[in-house]
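**Q** this one's structure only:
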């Protein structure tokens, strides 16, 4: 599971086995250790109307509606997104995607668990 954060954007990318595990278990979680603390990032199936996210106790959790997870995991749907409103009037853009094999970049990374890239050329 990869996570990318830039400004008010949080993007998750999952490999084929991670999508399968999320669908089966309803939860996926990873940890990144730093010197003084550990950051956890997770995805959970939830009874929510849209993608939602929160940060509590060094843990970013993306909540995905159960029907949306079922549809996304079992079809060719690449991803889903949502602009989650924030209390200050702003929004947090959330994006969940399947991780595709790279067709023109760094090929040193093991991509055997990635989804086949639907684009054969750039």
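**A** Perfect, thanks for sending it. Small disclaimer: the values here were computed from a predicted structure and weren't measured. Numbers count the residues shown, from 1 in each chain.
**Q** For residue 54, list each beta-bridge partner.
**A** As for beta bridges, residue 54 partners with residue 61 under DSSP bridges.
**Q** Neighbours of it, how many?
**A** 11 (other C-beta atoms under 10 Å). Glycine gets a C-beta too; all of them are placed from N, C-alpha and C.
**Q** residues contacting it?
**A** Residues near residue 54 by C-beta atoms under 8 Å, 6 or more residues apart in numbering: 60, 61, 63.
**Q** 10 Å - rerun?
**A** 60, 61, 62, 63, 84, 92 (C-beta atoms under 10 Å, 6 or more residues apart in numbering).
**Q** ok, now residue 115?
**A** Counting by C-beta under 10 Å, 6+ apart, residue 115 has contacts 13, 14, 15, 16, 19, 76, 78, 97, 98, 99, 100, 101.
**Q** got a pLDDT number for it?
**A** Residue 115 is assigned a pLDDT of 79 by the prediction.
**Q** The spatially closest residue to residue 99 that is not a sequence neighbour in helix, strand or coil?
**A** Take residue 99 and drop its neighbours on the chain: the residue closest to it by C-beta to C-beta, 6 or more residues apart in numbering is residue 13, 4.1 Å away. Residue 13 falls in the strand class when you classify it by DSSP: H, G, I helix; E, B strand; the rest coil.
**Q** so the residue nearest the centre of the chain bridges to which residues?
**A** In the chain, the centroid-proximal residue (C-alpha atoms, centre = their mean) is residue 12; its distance is 2.5 Å. With DSSP bridges applied, residue 12 shows beta-bridge pairing to residue 3, residue 96.
**Q** so it sits right up against residue 28, yeah?
**A** Yes: at 9.2 Å, residue 12 counts as touching residue 28 under the criterion of C-beta atoms under 10 Å.
**Q** Touching both of those two, which residues are there?
**A** In contact with both residue 12 and residue 28: 1, 18, 41, 42, 43, 62, using C-beta under 10 Å, 6+ apart.
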